[in-house]
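Q: I'll drop the sequence and a predicted model, then ask my questions.
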Amino acid sequence: MPEHTPRVGVVMDPIASITPYKDTTLAMMLEIRRRGWDLRYMTLEDIYLDSGRAMGRHRALEVFDDDHDWFRLGEAQTGDLGELDVILMRKDPPFDMEYIYATYILERAEAQGTEVVNRPRALRDVSEKVYTAWFPDCCPATRIDRSRERLRAFIAELGHAVLKPLDGMGGREIYVVRDGDPNTSVILDHLTEDGNRFALAQQYLPEISEGDRRILLVDGEPVPGALARIPAKGETRGNLAAGGRGEGSALSERDHWLCQRIGPVMREKGLRFVGLDVIGDYVTEINVTSPTCVRELDQIFGLNISASLMDAIAAGQGWQ
């Protein structure tokens with residue numbers, strides 16, 4: 001056990017705006033408090049650099065597993081972020097320049113002795129929709145391009161494709177088109193901002209009707225069960241934020257192979273908590289910023305995924 005009470009900071013979106021019963025960050029914070037660790041709350045507005053030192057305005061946080069009354073904030077303190085043992089970076093996308101600037105601040109905190117989960121440099125390196133290119137044998141045919149002509153040709157080659165921006169989340173701005181769809185040009189104009197922005201086209205996988213499965217990796221190892229997010233009637237998006245329905249799904253032999261291919265790379269990069277999106281036999285995204293679905297998987301499979309993550313962090317800190 002540590003000689004002092006561990007101090008864990010969490011950088012997240014405003015806590016008052018979360019949906020408690022399904023919020024993964026809240027599940028993590030509940031586990032932190034269950035262990036008696038000192039929990040500190042921050043948003044992006046609270047962290048800054050002062051002559052190269054990572055600083056933060058943070059507040060003590062009490063959390064409760066209650067949909068109507070889930071937090072209490074203490075007095076604000078300002079200090080060196082290096083005084084915290086661990087910082088969880090749980091800010092949701094968009095993965096924009098503000099997010100990237102935040103990773104630079106947190107990288108300076110890392111240099112000051114704080115472990116940041118997930119590692120700031122890796123958050124910049126592993127772009128969630130782009131990094132599938134490092135595992136082409138695990139993923140469907142994918143094109144990332146600004147050229148509307150090349151993207152249109154790729155759609156024609158596939159016959160049926162999914163189009164989406166590179167910085168979105170929660171099923172926003174996802175389009176499904178077939179070759180010859182009269183809406184293709186306007187969609188490509190929009191996603192590429194008339195050829196001035198990269199967009200993603202990916203082979204449509206009909207297995208989406210059986211669910212877009214979320215597999216969580218803790219220190220590179222999969223948790224025992226996936227969440228199949230099944231699209232609502234008339235929808236092609238399985239995202240829970242887009243109305244999808246979550247069902248438990250056992251990991252297949254192919255799922256385990258995908259995790260064996262991707263998991264060790266994630267662990268090596270310092271990405272302790274990762275979410276793989278899998279449709280059929282293929283990974284479509286590698287989520288590293290603020291993966292979700294802990295609450296659903298815990299309930300369905302009787303797990304405590306947050307405890308597994310905190311065990312991994314404690315072992316890395318030498319607290320066990």
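A: Perfect, thanks for sending it.
Q: what lines up beside the lowest-mean-pLDDT helix or strand in the chain in the sheet?
A: Ranked by mean pLDDT, DSSP states H and E, the weakest helix or strand in the chain is strand 245-249, scoring a mean of 91. Applying DSSP bridges, strand 245-249 is found paired with strand 226-230 (antiparallel).
Q: and for Ala16, the neighbour number?
A: 8 (other CB atoms under 10 Å). C-betas here are computed from N, CA, C, even on glycine.
Q: residue ranges for the helices of the stretch 1-150 of the chain, please.
A: Taking DSSP state H, counting those that start in this stretch as the criterion, the stretch 1-150 of the chain contains helices spanning 24-34, 97-111, 120-125, 148-158.
Q: among those, which comes closest to Thr292?
A: helix 24-34 (4.5 Å; CB to CB).
Q: which residues does that closest one contact?
A: 8, 10, 12, 18, 20, 39, 61-65, 70, 88, 90, 290-295, 298, 304-307, 309-310 (CB atoms under 8 Å, 6 or more residues apart in numbering).
Q: list buried residues within those.
A: 8, 10, 12, 18, 20, 39, 61, 63, 70, 88, 90, 290-295, 298, 304-307, 309-310 (16 or more other CB atoms under 10 Å).
Q: among the residues you listed, which lie within strands?
A: In strands, judged by DSSP state E, the following of the buried ones among the contacts of helix 24-34 are found: 8, 10, 39, 61, 63, 88.
Q: return the member of those nearest to Asp50.
A: Nearest to Asp50 out of these is Val10 (CB to CB; 21.2 Å).
Q: follow-up on the earlier one: tell me the most buried of the helices of the stretch 1-150 of the chain?
A: Here the criterion is mean neighbour count by mean count of other CB atoms under 10 Å, and of those the winner is helix 24-34, at a mean of 21.
Q: what about the closest residue to Ala201 other than its chain neighbours, distance to Pro231?
A: What sits nearest to Ala201 in space, not counting adjacent residues and going by CB to CB, 6 or more residues apart in numbering, is Arg143, at 4.6 Å. Distance, Arg143 to Pro231, using CB to CB, to the nearest Å: 23 Å.
Q: kindly report the same for Arg146.
A: 29 Å.
Q: compare these two (neighbour count), which wins?
A: Set Arg146 next to Pro231 and count neighbours by other CB under 10 Å: Pro231 wins out with 20 against 16.
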